[in-house]
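[1] got a predicted structure here, sequence first:
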Amino acid sequence: MDELEKIQSAIEKLADEQLEELAKRIDALRVRRATPVRVEQWLKRAVGAAKPGVTTDEILRMTRGED
């Protein structure tokens, strides 16, 4: 039995209240993990974008995620 199967087996044994609490914690974890990645990716693309030859429209497209 792999780790995910063990986790699923344990989850199936939880009471409804415990399952709700676990769902909230997983949602919070997803938010914590996702937010820095998006910011870091944006910063990597943004660094140096204001160099000569880059137009304001290009910079604005990048800030909107339209690159």
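    Yes, it's here. Numbers count the residues shown, from 1 in each chain.

[2] C-alpha from now on. contacts and neighbour counts both.
    Will do.

[3] tell me which element residue 52 is part of?
    With elements delineated by DSSP states H and E, residue 52 resides in a region that no helix or strand encompasses.

[4] that one and residue 58, how far apart?
    When distance is defined by CA to CA, to the nearest Å, residue 52 is 12 Å away from residue 58.

[5] can you check residue 34 too?
    Residue 34 sits at a distance of 25 Å from residue 58 (criterion: CA to CA).

[6] how far away is residue 8 from residue 16?
    Counting by CA to CA, the gap between residue 8 and residue 16 amounts to 15 Å.

[7] let me fix that, I meant to ask about residue 27.
    Residue 27 sits 17 Å away from residue 16, going by CA to CA.

[8] in the chain, where's the longest helix?
    helix 16-46 (DSSP state H).

[9] following that helix, which helix or strand comes up?
    Next along the chain after helix 16-46, taking DSSP H and E as the criterion, comes helix 56-63.

[10] list the buried residues in the helix or strand bottoming out on mean pLDDT in the chain.
    Every helix and strand in the chain was compared by mean pLDDT, DSSP states H and E; the lowest is helix 56-63, with a mean of 83. By 16 or more other CA atoms under 10 Å, the buried positions in helix 56-63 come out as residue 59.

[11] chain center to it: distance?
    Centroid separation for helix 56-63 versus its chain: 23 Å, with CA atoms, centre = their mean, to the nearest Å.

[12] and stretch 11-28, by the same measure?
    Offset of stretch 11-28 from its chain centre (CA atoms, centre = their mean): 20 Å.

[13] again, but for stretch 3-21
    For stretch 3-21 - counting by CA atoms, centre = their mean - the centre lies 23 Å from the chain centre.

[14] now stretch 30-42
    Average the C-alpha atoms of stretch 30-42, do the same for its chain, and the two points are 4 Å apart (CA atoms, centre = their mean).
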